[in-house]
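**Q** need a structure here:
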Amino acid sequence: MRVIIRDAALSDLPHILELLHLKAEFDGCPNSVLATAEALETDLFGENPLASVLLADVDGELAGFATYHSIYSTFLAKPGIWLDDLYLKPNYRNHGIGQALIARLSEIAIATGCGRIDWTVATGNAGGIRFYQRLGASIQESVRLCRLDGEAIAQAAVLSGHPV
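**A** Down below sits the predicted model:
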């Protein structure tokens, strides 16, 4: 099995969208993907990219991906990486491909002076949790993901006295 981890190119956009839909299905929220090819083209490959994508090719077939973007830790006074999505098609799991994606992401973190890589994992994803722990990740049980989206953002802006 020949595994190549590479940066995504604009020509990979249809495959990235396919992987996003597969990830959403795996996560139990198949209707949550609102991304379009046009939006991703701008956000991933435009003049000022907001995120990056690593692809895993196995023997010429697309096996999975990792999406990530920059963050900053004021505690460390260093940049970091937020791993947004990590997904492998089922027949490519447990072959070291996820580890190869994380290894490449770690190389990027080292090259850019990052102090850490952060991400979330579903509490019910026992396989994912074991995988991350084998890599040396600490699972922070004492914190919870918080999110404002859509209408909640608008409501919070109104509360601040600065409605949009």
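**Q** hey, let's count contacts and neighbours off CA atoms from now on
**A** Noted.
**Q** give the partner strands of the longest strand along the chain in its sheet and their orientations.
**A** Across the chain, the longest stretch assigned as strand under DSSP state E is strand 61-73. According to DSSP bridges, strand 61-73 forms sheet pairs with strand 52-58 (antiparallel), strand 78-88 (antiparallel).
**Q** off-centre distance for the longest one?
**A** This points to strand 78-88. Its chain's average C-alpha position is 5 Å from that of strand 78-88, according to Cα atoms, centre = their mean, to the nearest Å.
**Q** most tightly packed of the strands paired with strand 61-73?
**A** Mean neighbour count (mean count of other Cα atoms under 10 Å) peaks for strand 52-58 among those, with a mean of 21.
**Q** any regions of the protein where pLDDT drops low?
**A** In the prediction, the chain carries residues with pLDDT under 70 at positions 160, 162-164.
**Q** let's go with 80 and repeat that
**A** 160-164 (pLDDT under 80).
**Q** show me where it has helices.
**A** 13-26, 37-45, 97-111, 126-134, 150-159 (DSSP state H).
**Q** buried stuff in the third one?
**A** Within helix 97-111, the residues that qualify as buried are I97, G98, L101, I102, R104, L105, S106, A109, counting by 16 or more other Cα atoms under 10 Å.
**Q** same check on the first one?
**A** For helix 13-26, a neighbour-count test (16+ other Cα under 10 Å) marks L13, I16, L17, L19, L20, H21, L22, K23, A24 as buried.
**Q** same check on the fourth one?
**A** By neighbour count, and taking 16+ other Cα under 10 Å as the criterion, the buried residues in helix 126-134 are I129, Y132.
**Q** which residues are in contact with that helix?
**A** For helix 126-134, the external contacting residues (Cα atoms under 8 Å, 6 or more residues apart in numbering) are V121, T123, S138, I139.
**Q** adding distance to A39, write the buried residues of helix 13-26 out as JSON lines.
**A** What follows is these, written out as JSON lines (distance: Cα to Cα, whole Å):
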{"residue": "L13", "distance to A39": "11"}
{"residue": "I16", "distance to A39": "12"}
{"residue": "L17", "distance to A39": "11"}
{"residue": "L19", "distance to A39": "16"}
{"residue": "L20", "distance to A39": "13"}
{"residue": "H21", "distance to A39": "15"}
{"residue": "L22", "distance to A39": "18"}
{"residue": "K23", "distance to A39": "18"}
{"residue": "A24", "distance to A39": "18"}
